[in-house]
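**Q** Turn this into a model:
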Amino acid sequence: MIKNIKWLLLVSLTFIACNNDDDSSTEAEVPVVPGSAVFTKYVALGDSFAAGYSDGALFKRGQEGAYPNILAQQFVAAGGGTFTTPFANDNIGGLLLGGNVIAGTRLYFNGTGPVAVAEAPTTEVGVHLTGAFNNLGIPGAKSYHLVAPGYGNIAGVATGAANPYFARFSSAPSTTVIADAVTQAPTFFSLFIGGNDVLGYATSGGIGKDQTGNMNPATYGTNDITDPTVFASVYSALVTNLTANGAKGVVANLPYITALPYFTTVPFNPVPLTEAAATQLNAGYAAYNGGLQAMVANQLLSVEEAAKRKVTFKAGANAVVIVDSYLTNLGDYGVPSYRQATKEDLLVLTSRTFIGTPVGGDPTKVNGVSVPLADNWVLTKEEVAEVKKATDAYNVTIESIAKDKGLAFVDTRKVLTQLASGGIKFGNYTMSSTYVTGGAFSLDGVHPSARGYALIANIFIDAINVKYESTLRPVDLGAYPIQYPKTLP
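**A** Numbers count the residues shown, from 1 in each chain. Next up is the predicted model:
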């Protein structure tokens, strides 16, 4: 009855633009000095952004383009030393544990959409890397994981008690990420952490719990929102440890999820219908709509909520139908919690290939239309608000501690909001958060592209230069690709 929803993404696999900055020659003449910062020993702490995770995986080329690696390269001219990274074995991406695949390969654009590289991963978690590593970006890490003993214990990876990426290179099974950082006696550090404290909740469509008021992270689920007080305590401890011996550093706040194409690419009304199809669907929902009116008549439902829950279709574009647990529960009366999405709801990126598909091949049962979308496919406006509230609280903590400790502060929230609302110009080009074509984000819709990471490095450099009166040079954004091809050497 209804064709599967598809979109046509007409982009080249990779393009590298030149940055025609008229001031570049002038900038090159300015001597590079560290100012009051000391870049001799730089250590980076964070999550997947710091690690260089991109296109749904961690792979060597992506790691090479991680913003800490770019920073370290720019630090060299100002006295920076060697910067080591726990590289993956290949450019395929993915992880093995005891020979079994536990993380998938990277995505590439095949001309019509993102697909995973077909080769098998070769990076085995059980093959431990030795030595101290300056890049302590851990994909999947939440704030409190950086202070959790055993987070790098390979024995806990299979049960989810430990992180496979950290287990590859942790200095000891019982160590913590912060301990492995402080042991290196850094003279300068970067800290960009907290995104995962809300991201799991968001990407799962709110399948989790807002743990505000719960001070025990040991009881949290994978997709739960971290209590802001827990975040504040952990963040304070991290910075206190990193600055104990006089190290200077740079910290960054967190962007809103509405800046990420994972939540903004699929519209709330992606269902095209003919008049005949709309009429047929309206007939199918007549009993549901009638049940709502019965609940109003029995004073079990307000007129306003009944109107909100009413499902109607018309010829043209239509909003998807969703299950909304925030609605008044009328299950005991045989009335489910359905409504149509609004522009305040965020459909997750993965719903793009699910909406419009038939259930079990039955053309009368269409996901998002005659069959409402389950909670995991959409972040309702109430859930969006929960994520925003937590993000705002975390950001207050980050900025306050940065000011208290005299650290450089990066407002990534502001910059990523710019990407999502018009884009950022450089040279003759504009970079935005538009999925695939915008250039700032990779194909997973959450993590930056190589060019996006270069932009992050540049705003870190700007903040460092302002705070410490250094003259570090930014990198040319045009020298970084927006996508990686299928095959990488």
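
**Q** only C-alpha atoms for contact and neighbour calcs from this point on.
**A** Will do.

**Q** Sketch out the low-pLDDT regions of the stretch 1-150 of the chain for me.
**A** Applying pLDDT under 70 to the stretch 1-150 of the chain flags the ranges 1-28.

**Q** so where do the helices sit in it?
**A** 24-29, 48-51, 60-64, 67-75 (DSSP state H, counting those that start in this stretch).

**Q** can you list contacts of the last one?
**A** For helix 67-75, the external contacting residues (C-alpha atoms under 8 Å, 6 or more residues apart in numbering) are 39, 42, 44, 49-50, 52, 63-64, 80-83, 135, 190, 453-454, 456-457, 461, 472-474.

**Q** ranking the helices of the stretch 1-150 of the chain by burial, who's on top?
**A** Most buried of the helices of the stretch 1-150 of the chain by mean neighbour count (mean count of other C-alpha atoms under 10 Å) is helix 48-51; its value is a mean of 26.

**Q** Show the subsequent helix or strand relative to the longest helix anywhere in the chain.
**A** Determined from DSSP state H, the single longest helix within the chain is helix 381-405. Using DSSP states H and E, the helix or strand that follows helix 381-405 in sequence is strand 408-410.

**Q** which helices and strands sit right next to that following strand?
**A** strand 248-252, helix 381-405, helix 450-468 (3 or more C-alpha pairs under 8 Å, 6 or more residues apart in numbering; DSSP states H and E).

**Q** Pick the most buried one from the ones you listed.
**A** Each of the helices and strands packed on strand 408-410 was scored by mean neighbour count; the highest is strand 248-252, a mean of 25, by mean count of other C-alpha under 10 Å.

**Q** Could I get the average pLDDT for that strand?
**A** Mean pLDDT, computed over strand 248-252, is 98.

**Q** quick one, it and helix 381-405 angle?
**A** 160 degrees (axes from the mean of the first three to the mean of the last three C-alpha atoms, to 10 degrees).

**Q** Do you know the pLDDT at Tyr429?
**A** Tyr429 carries a pLDDT score of 88 in this model.

**Q** and it, how many residues sit next to it?
**A** The tally of other residues near Tyr429 (other C-alpha atoms under 10 Å) stands at 14.

**Q** Could you check how far it is from Ser233?
**A** Remark: distance between Tyr429 and Ser233 (C-alpha to C-alpha, to the nearest Å) = 42 Å.

**Q** So which bits of stretch 115-133 are buried?
**A** Residues 115-117, 121-126, 132-133 are the ones in stretch 115-133 that count as buried (16 or more other C-alpha atoms under 10 Å).

**Q** How far away from the center of its chain is it?
**A** Chain-centre distance of stretch 115-133: 21 Å, with C-alpha atoms, centre = their mean, to the nearest Å.

**Q** what's the distance between Leu373 and Gly205?
**A** Distance of Leu373 to Gly205, given as C-alpha to C-alpha: 11 Å.

**Q** now Arg473
**A** 40 Å.

**Q** Over to Tyr108?
**A** Applying C-alpha to C-alpha to Tyr108 and Gly205 gives a distance of 25 Å.

**Q** since we're on the nearest residue in space to Val38 that is not next to it in sequence, how many residues are nearby?
**A** Leaving aside its chain neighbours, Val38 sits nearest to Thr187 (5.8 Å; criterion: C-alpha to C-alpha, 6 or more residues apart in numbering). Using other C-alpha under 10 Å, Thr187 has 20 other residues around it.

**Q** quick one: contacts for Thr187?
**A** Applying C-alpha under 8 Å, 6+ apart, the residues near Thr187 are 38-42, 246-248.
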